[in-house]
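Student: model this:
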Amino acid sequence: MGKLTKTMGLATGARVFLSLLTLFPFCCGAEGVTNLQPLAVWEASSRVTAGVGYRENVLRSSIAQENSAFFNTSADVSLMRFTESGAYVTYFFLFDDSQYFDAPSVDYERFVSATVQAATPVGVNDELGGQINNFYQHQVVDLSETQASQMRTLVDGYLSMLSLYWKHTLGDGWAVKAETELLRQLYSGDDLSDYWAPAAGVRLIRSYGHRSELSVYGQSKYLAYDARERSDHGGEAIPGTSLVYQQNEMGGQWRHNFDKAQQWRTRSKLIYKLSHDNGSGYFDYNRLQFSQQLRWKKPRWEVKSNVCFNWYSYPEQEIDDERYERSSIVLDVRIERRLGKRWLLYSFAEHEWNMSNDELDQYNSWTAGAGAGFEF
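Tutor: Below you'll find the predicted structure:
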């Protein structure tokens, strides 16, 4: 009943914010107060796909692996409204479902998201904006980053996030952006604790060339758990306490388009995170992440590849008298071929390698599949 009440409260707040976002472009344009309604342009797109695939190690486990073929369906819808003042609002919905044929522990995995974004210029050099995201997931997730032990489990949960920003243009392609967000994670069942996660940060942006962009940022976030306790130096829970993480993150992103048509595009991201708990430091960890994406797009073809590297170090946890460390590499590729204006074919593959000085935390997993889609 408690989780239901909290979920209803979040839903009410979401409805209020969505209403405000719907009105945002009408009342906050850069043209000032006028009796004339700004000219609006609507854009809409939608897509449905269906396909089959095979996943090795569905549970992402080092032991008792389950492998299975699956049937996947997905759908996405986007609706955008632009005004002549420069204000806009965007609605985006995504549904993705995989039904496994032979995975006794996981019948299916499902992800659903709904996002609303809005922004409006204020004067000549400023912009205000925000978004609200709501997610539902029923998926196998690796939670080892923030848990006391290696944990890959089937998660059933809801996430809501509200974020706001102020962007100020400095001139000559430079801008500064202040951002804040509030995240609420709710889990079904009692195995995982719900939590709140407020965050704030600032970003420096440099725009150039064919809508290319380079940015660096710093952010501070807190994770406050509802029913999770702090631990002592041996990892034992301390009754009557509440666990809180403070996470400081810094990083940068470089998005480069090689030509005006954006036929070739790369995106590079580098992130370094320091996470500290409010107790003995048993849950402390450092994370370094680097990802590189390459996209090639023609009128009938699109090829996307991405590689992501993660490295974790846990200063207060030991494995055989050594500091506990783990790392992972994820490589994925997706190819799409259009057939006329509406139909398309696609194929994809992904491989994940996980390494650690703890044998129970070492596992590999790969997925491959193909299918067809239709755009409206």
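
Student: Please make it C-alpha for all contacts and neighbour counts, starting now.
Tutor: OK.

Student: which residues in the stretch 201-350 of the chain form strands?
Tutor: Taking DSSP state E, counting those that start in this stretch, the strands of the stretch 201-350 of the chain run over residues 212-225, 244-257, 264-277, 285-297, 301-319, 322-339, 343-356.

Student: which residues are contacting the third one?
Tutor: Taking contacts as CA atoms under 8 Å, 6 or more residues apart in numbering, the residues outside strand 264-277 that touch it are 230, 243-258, 283-297.

Student: Same question for the fourth one.
Tutor: Here strand 285-297 makes contact (CA under 8 Å, 6+ apart) with 145, 262-276, 302-315.

Student: ok so, going back, closest one to residue 64 among the strands of the stretch 201-350 of the chain?
Tutor: Closest of the strands of the stretch 201-350 of the chain to residue 64 is strand 343-356, at 16.2 Å (criterion: CA to CA).

Student: Tell me what angle that closest one forms with strand 322-339.
Tutor: Our comparison of strand 343-356 with strand 322-339, counting by axes from the mean of the first three to the mean of the last three CA atoms, to 10 degrees, yields an angle of 170 degrees.

Student: Just give the strands next to strand 343-356 in its sheet, each with its orientation.
Tutor: Under the criterion DSSP bridges, strand 343-356 sits next to strand 322-339 (antiparallel), strand 363-375 (antiparallel) in its sheet.

Student: how far does the longest one sit from the chain's center?
Tutor: Going back to what we said before, that points to strand 322-339. Offset of strand 322-339 from its chain centre (CA atoms, centre = their mean, to the nearest Å): 15 Å.

Student: what sits up against the helix or strand where residue 48 lies?
Tutor: Element membership of residue 48 [criterion: DSSP states H and E] is strand 40-56. Judged by CA under 8 Å, 6+ apart, the contacts made with strand 40-56 from elsewhere in the structure are 65-84, 365-376.

Student: Of the contacts of strand 285-297, grab the buried ones for PyMOL.
Tutor: Selecting the buried subset of the contacts of strand 285-297 in PyMOL, with 16 or more other CA atoms under 10 Å as the burial test, is done by:
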select buried, resi 145+262+264+265+266+267+268+269+270+271+272+273+274+275+276+302+303+304+305+306+307+308+309+310+311+312+313+314+315
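
Student: Name the spans of this protein whose pLDDT lies under the cut-off.
Tutor: Counting by pLDDT under 70, the chain shows low-confidence ranges at 1-39, 147-150.

Student: if we go to 50?
Tutor: For the chain, the stretches flagged by pLDDT under 50 are 1-2, 4-34.

Student: Off-centre distance for stretch 114-123?
Tutor: 19 Å.

Student: could you dump that stretch to CSV, C-alpha only?
Tutor: As requested, the backbone C-alpha atoms of stretch 114-123 are provided in CSV (Å, rounded to 0.1, in the frame of the first residue of the first chain):
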residue,chain,number,x,y,z
ALA,A,114,7.4,7.9,-21.9
THR,A,115,9.2,11.3,-22.1
VAL,A,116,8.1,14.9,-22.5
GLN,A,117,10.6,17.6,-23.2
ALA,A,118,10.0,21.4,-23.5
ALA,A,119,12.1,24.5,-23.9
THR,A,120,11.6,28.2,-24.6
PRO,A,121,13.9,31.1,-25.3
VAL,A,122,14.0,33.9,-22.7
GLY,A,123,15.4,37.1,-24.2
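
Student: List the buried residues of the helix or strand hosting residue 78.
Tutor: When elements are defined using DSSP H and E, residue 78 is found to belong to strand 68-83. Counting neighbours by 16+ other CA under 10 Å, one finds that the buried residues in strand 68-83 are 68-78, 80-83.

Student: Would you confirm that residue 182 contacts residue 161?
Tutor: Yes. Between residue 182 and residue 161 there is a contact at 5.6 Å, judged by CA atoms under 8 Å.

Student: In terms of neighbours, single out the busier of the two.
Tutor: In this view residue 182 and residue 161 are compared by other CA atoms under 10 Å, and residue 161 has more residues nearby, 20 against 17.
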